[in-house]
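**Student:** Let's see this in three dimensions:
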Amino acid sequence: FGMALLIYMFAAIWTLSVFSLYQSDMTLKTEHSPDLKLAMAADADNRRSKSIGAVCHAEGGGWFSRRFVIGTALTYLSSLFVSGLFFLLIPRVWIGAPLEISAEGISGQIRQSVSGFSRGVQLGNAGLAWESLEPVFDIRLKSLQTDELISPYTYAEQLGHAEPLFRGSISVNYHQRRWDPVVPQGTTVLRSRQNTTLEIQQEINLKATRSDILFFMGQPASLFVIDGDRTKPIGEYVQATGLVQRGPVANSPQESSRQGLQYLVWSSVPVPDESGLIGLEATAYDFSNTRATARPAREASRGVPSNVAWRNQPVRQMYLNIQEGLDGLRELAESVISEAQSRQNRNLSDLEKARTLEAYLQRSGQYKYSLKSSIINSQIDPVEDFLINRKAGHCEYFASALTLMMRSQNIPARLVTGFKGGELLSDGTLQVQQRFAHAWVEALIDRRVWVTFDGTPASQRTVLVESFARRSRVWTDTNAALSNMWSNNVINISLDRP
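**Tutor:** Below you'll find the model as predicted:
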């Protein structure tokens with residue numbers, strides 16, 4: 001900023017000087033041209049300068065002379081000297097509290113351009129999503145039996161995942177290019193309890209945030225907040241989704257000030273069932289006739305009634321819903337499955353169909369992971385535009401496409417947003433930053449288990465996230481050094497400073 005200010009001052013003084021020369025030249029050529037010619041002719045031998053009014057010009061010389069450049073430079077230096085005197089002598093008094101700008105205070109439109117965890121997903125916005133290195137939480141794992149540290153990646157493999165996954169929101173309804181999270185009514189407080197079957201302790205340090213979601217790996221059995229030497233039970237556990245929201249203790253005045261939260265989660269290593277499936281166990285809610293009544297905040301603020309047709313449906317039906325107008329998506333999914341069944345000369349199970357659709361998006365080579373969300377055909381749904389036309393997009397497009405393609409094959413599916421992966425520090429802590437925000441799919445297989453699927457090309461996402469981190473660190477270090485230099489040598493300078 002300081003360098004830009006100096007360049008601006010020089011450019012302004014230079015422009016004003018050149019403009020002054022232009023006015024002088026026009027004056028000499030118009031108003032005083034006869035007098036100028038006589039004066040120049042009478043004094044052609046000695047070539048002395050002639051003055052017409054307030055304008056002085058040396059016959060035979062150019063306007064952009066060395067004297068002009070030196071004069072402009074001296075004017076620039078004089079301006080800097082006078083400005084510096086004013087800066088030092090005029091007291092700088094701040095009225096009110098210092099202005100603080102954080103990501104929480106950025107308007108929604110701007111905040112959407114910064115990738116990070118969001119409970120709702122809006123598709124179809126053209127532009128470029130910029131990754132953020134802002135930390136969200138840290139997590140350390142240890143064994144409750146041996147008290148030894150456990151790598152989060154090791155526990156992720158035991159959970160059936162290639163990388164650590166932290167679930168943050170479940171979205172079921174896709175309508176008008178948007179996924180809205182549906183929160184079922186009825187929660188239970190997840191209280192602390194001793195259980196000898198538990199094997200893993202997760203210690204999470206959640207940074208300052210307005211989100212009411214508590215992140216962890218796997219399925220929690222106990223969860224409590226760290227308060228000095230004591231622990232308190234926290235968290236309202238939603239069995240149907242496996243999410244935990246902050247409970248009364250976590251929303252106390254101390255925590256509500258967004259100072260962050262430290263809590264512990266106890267969990268176990270899952271055992272695959274007879275079919276080898278690992279995932280979140282289905283509940284009676286998933287097959288019930290319960291009607292979802294939760295409304296997106298944006299519609300509630302507009303007074304939209306809660307009995308909208310697409311939302312006033314049994315939960316079991318909402319996992320299969322596909323809005324009208326997605327014929328291209330249906331045809332593509334049917335073509336992929338038909339080709340796979342022809343190759344194997346048999347019908348595929350729901351699990352095999354889900355794996356086939358996942359592999360088509362992830363490993364067919366036709367689709368590319370990109371943070372650019374340019375739109376080719378704005379007349380069709382952005383998911384179809386992604387699948388058929390541009391074939392490039394970020395994780396929300398891959399997850400949306402996979403969810404709807406599974407539903408077209410009568411496989412109950414839902415979209416999950418949260419975080420995938422993190423930066424493993426030297427002490428075994430996994431730091432999860434906003435750049436690790438991700439979206440994936442959970443499908444209900446055999447009406448028993450919600451199994452995780454991810455259509456995003458993992459290697460492409462990893463390369464892009466890591467390359468951005470390297471570029472961002474260079475810029476962050478440079479920006480910090482320049483900011484400190486500016487603060488120490490400009491902002492904080494005064495006559496009282498030694």
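
**Student:** Could you list the paired strands of the helix or strand encompassing Asn173 along with their orientation?
**Tutor:** If you go by DSSP states H and E, Asn173 is part of strand 165-175. Strand pairing for strand 165-175, determined by DSSP bridges: strand 178-181 (antiparallel), strand 413-420 (antiparallel).

**Student:** List of residues touching the helix or strand that comes right after the longest one?
**Tutor:** So that's strand 413-420. For strand 413-420, the succeeding helix or strand toward the C-terminus, using DSSP H and E, is strand 423-424. The contact list for strand 423-424 (CB atoms under 8 Å, 6 or more residues apart in numbering) reads 151-153, 430-433, 469. Bear in mind the C-beta positions are built from the backbone N, C-alpha and C, glycine included.

**Student:** sorry, back to before: put the alpha carbons of the strand holding Asn173 into PDB.
**Tutor:** What follows is strand 165-175, C-alpha atoms only, in PDB (Å, rounded to 0.1, in the frame of the first residue of the first chain):
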ATOM      1  CA  LEU A 165     -13.500 -37.000   6.900                       C
ATOM      2  CA  PHE A 166     -15.400 -34.600   9.100                       C
ATOM      3  CA  ARG A 167     -19.100 -34.400   8.500                       C
ATOM      4  CA  GLY A 168     -20.700 -31.000   8.900                       C
ATOM      5  CA  SER A 169     -24.100 -30.900   7.200                       C
ATOM      6  CA  ILE A 170     -26.500 -33.300   5.500                       C
ATOM      7  CA  SER A 171     -28.500 -32.000   2.500                       C
ATOM      8  CA  VAL A 172     -31.400 -34.000   1.100                       C
ATOM      9  CA  ASN A 173     -33.500 -31.500  -1.000                       C
ATOM     10  CA  TYR A 174     -32.300 -30.300  -4.300                       C
ATOM     11  CA  HIS A 175     -34.500 -27.600  -5.700                       C
END
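
**Student:** List the buried residues for it?
**Tutor:** Residues 165-174 are the ones in strand 165-175 that count as buried (16 or more other CB atoms under 10 Å).

**Student:** go on, stretch 265-272?
**Tutor:** 265-268, 270.

**Student:** Looking at those, which gets the smallest pLDDT?
**Tutor:** For the buried residues of stretch 265-272, the weakest pLDDT value sits at Pro270, with 86.

**Student:** Would you quantify the distance from that one to Phe86?
**Tutor:** Look at Pro270 and Phe86: by CB to CB, to the nearest Å, they are 69 Å apart.

**Student:** swap in Ser169?
**Tutor:** Distance from Ser169 to Phe86, by CB to CB: 53 Å.

**Student:** same thing with Ala437?
**Tutor:** 47 Å.

**Student:** For these two, indicate the residue with more neighbours.
**Tutor:** Remark: of Ala437 and Phe86, Ala437 carries more neighbours, 25 against 9, as counted by other CB atoms under 10 Å.

**Student:** I'd like to know the beta-bridge partner residues of the more buried one.
**Tutor:** Phe419.

**Student:** isn't it right up against Phe419?
**Tutor:** Yes: using CB atoms under 8 Å, Ala437 is in contact with Phe419, at 5.8 Å.

**Student:** Just to be sure, Ile13 is in a helix?
**Tutor:** Yes: under DSSP: H, G, I helix; E, B strand; the rest coil, Ile13 falls within a helix.

**Student:** per-residue confidence for it?
**Tutor:** 84.

**Student:** What of Glu466?
**Tutor:** Predicted confidence (pLDDT) for Glu466: 81.

**Student:** which ones are touching it?
**Tutor:** With CB under 8 Å, 6+ apart, Glu466 has no contacts at all.

**Student:** And it, how close does it get to Phe137?
**Tutor:** 20 Å.

**Student:** Assign Phe86 to helix, strand or coil.
**Tutor:** Per three-state DSSP, Phe86 ends up helix.

**Student:** Tell me how confident the model is about the strand holding Asn173, as a mean pLDDT.
**Tutor:** 90.

**Student:** Ok, stretch 148-162 next?
**Tutor:** On average, stretch 148-162 scores 93.

**Student:** now stretch 379-386
**Tutor:** On average, stretch 379-386 scores 91.

**Student:** still on that earlier bit, which one of the buried residues of stretch 265-272 sits closest to Glu157?
**Tutor:** Distances from Glu157 to the buried residues of stretch 265-272, taken as CB to CB, are shortest for Pro270 (11.4 Å).

**Student:** What strand or helix carries the closest one?
**Tutor:** Residue-wise, Pro270 maps onto no helix or strand under DSSP H and E.

**Student:** same question, the one 4 residues further on
**Tutor:** No secondary structure element spans Glu274, as it lies outside all helices and strands (assigned by DSSP H and E).

**Student:** gap between it and Asn345?
**Tutor:** According to CB to CB, Glu274 and Asn345 sit 26 Å apart.

**Student:** Moving C-terminal from whichever strand or helix holds Ala359, which element do we reach first?
**Tutor:** When elements are assigned from DSSP H and E, Ala359 belongs to helix 350-363. Note on helix 350-363: by DSSP H and E, the next helix or strand toward the C-terminus is strand 368-369.

**Student:** right, and the helix or strand after that next one?
**Tutor:** helix 382-384.

**Student:** Can you spell out which helices and strands pack onto that next one?
**Tutor:** Contact partners of helix 382-384 among helices and strands, from 3 or more CB pairs under 8 Å, 6 or more residues apart in numbering; DSSP states H and E: helix 327-344, helix 395-408.
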